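*Asks:* Build me a model from this:
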Amino acid sequence: MRRSLNFPATLDFKIIDSSVHALDPMTHLVLIRTLAFCVFAAVASAQEVLDGIAALVNEEVITFSQVRELVGPKEKAARDQLKGGAELAEKIKEIRLQAINDLIDRQLILAEFKKNKFQLPEYVIDERVQTIVREEFGNDRAAFLRTLAAQGYTLEKFRQQQKDVIIVQEMRRAAMKGNSSIIPETQIAQDYRLHTAEYTSEDLVKLRMIVLKKSTEGDARKRMMEEIREKIASGAEFQDLARMYSEDTTQESGGDWGWINRRTLNESLTKLVFSMKPGQVSHVIEMGGNYYLLSVEARKPATTKPLKEVHDEIEKRLLQHERQKAQQEWLAKLRKKAFIKMF
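*Replies:* Numbers count the residues shown, from 1 in each chain. Model prediction:
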């Protein structure tokens, strides 16, 4: 008897005919407690390794060393970013809890694979290992084996790890592919209406600016800016005068600010700039310790992409959401049927 999970053609999971006898609840509980005691005893007797039980999933143990192995890079990144304190402690707690839950899900998936009598052909693991040797070690198998030994791995242990990774990946993919949802057009249209802003570009202004700093000379600087404006009104090029007189960082580029949005300048200047027409030069503006003269060269109005242009993008996102939801529901069912205890 063969069961198909819609896995890639390279994988061949199948049922093996054999009888399985379920444990009664009391025997199951005794087994779990006995196993927990044995693990604690083994840990206590190992002087070189400090470990403990992070969680129990049916009769399988998840250890703190497994959690540490999973969270190492994330915890390092958190410590580098947050530099101690209550926020870091909370972040570390969050990272470790997520890791424990990920390991629980992993164990449940492996148990489901075993329960359904699926098989993973050895050649699939062979191909995975060969790919790693080829791509990460330049096809140098000896270097690969030395690296395994240096990290405390045997080849057998590494193969088992890769086998588990493949199983979890493909079982998750099968759970998502099992949901062959077709997204209704009405749902796509509704999502488009709710997220129209995401498909709308901002209105933009191409701006040039001349800036003069105030001085102790009273209104002399303001009169100078007014004279500059009069020269522009008489036909002088704004950018030429900006190169001659402007006192900000855009002087060399002729006061060119390029295309700006409504968040580039402060509120007062933004309101003025976006009320101007292309080709218009502002009056002399006094603000803070500066005088400003603004020139709008061009405008780009806000535009919204039509639904037909973003239809496939929305459909793909909604379909991915439905598949992820199906996977989470599948995992929730596995959790509901399992004995799980976190320590």
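
*Asks:* Now for this protein, the helix or strand with the poorest mean pLDDT.
*Replies:* Least confident helix or strand, the chain: helix 25-45 with a mean of 39, by mean pLDDT, DSSP states H and E.

*Asks:* how far does the helix or strand just after that helix sit from the chain's center?
*Replies:* Using DSSP states H and E, the helix or strand that directly follows helix 25-45 along the chain is strand 53-57. Averaged C-alpha coordinates place strand 53-57 at 28 Å from its chain's average position (CA atoms, centre = their mean, to the nearest Å).

*Asks:* and strand 53-57, what other elements does it pack with?
*Replies:* helix 25-45, strand 60-63, helix 64-82, helix 86-115, strand 340-342 (3 or more CB pairs under 8 Å, 6 or more residues apart in numbering; DSSP states H and E). No exception for glycine: its C-beta is placed from N, CA and C like everyone else's.

*Asks:* Quick one: mean pLDDT for stretch 126-142?
*Replies:* Per-residue pLDDT over stretch 126-142 has a mean of 96.

*Asks:* Return the residues in contact with residue 213.
*Replies:* By CB atoms under 8 Å, 6 or more residues apart in numbering, residue 213 lies in contact with 221, 247, 289-291.

*Asks:* out of those, which is most surrounded?
*Replies:* residue 291 (22 neighbours; other CB atoms under 10 Å).

*Asks:* and the helix or strand in which that one is found, what's its mean pLDDT?
*Replies:* Assigned by DSSP H and E, residue 291 falls within strand 290-300. For strand 290-300, the mean per-residue pLDDT is 96.

*Asks:* what do you get for stretch 172-187?
*Replies:* 82.

*Asks:* try stretch 100-116
*Replies:* For stretch 100-116, the per-residue pLDDT averages 95.

*Asks:* Name the residues of that stretch that come out as buried.
*Replies:* Residues of stretch 100-116 classed as buried: 100, 103-113 (neighbour count, 16 or more other CB atoms under 10 Å).

*Asks:* Against which helices or strands is the strand holding residue 291 packed?
*Replies:* Using 3+ CB pairs under 8 Å, 6+ apart, strand 290-300 sits against strand 204-213, helix 220-233, helix 267-273, strand 285-287.
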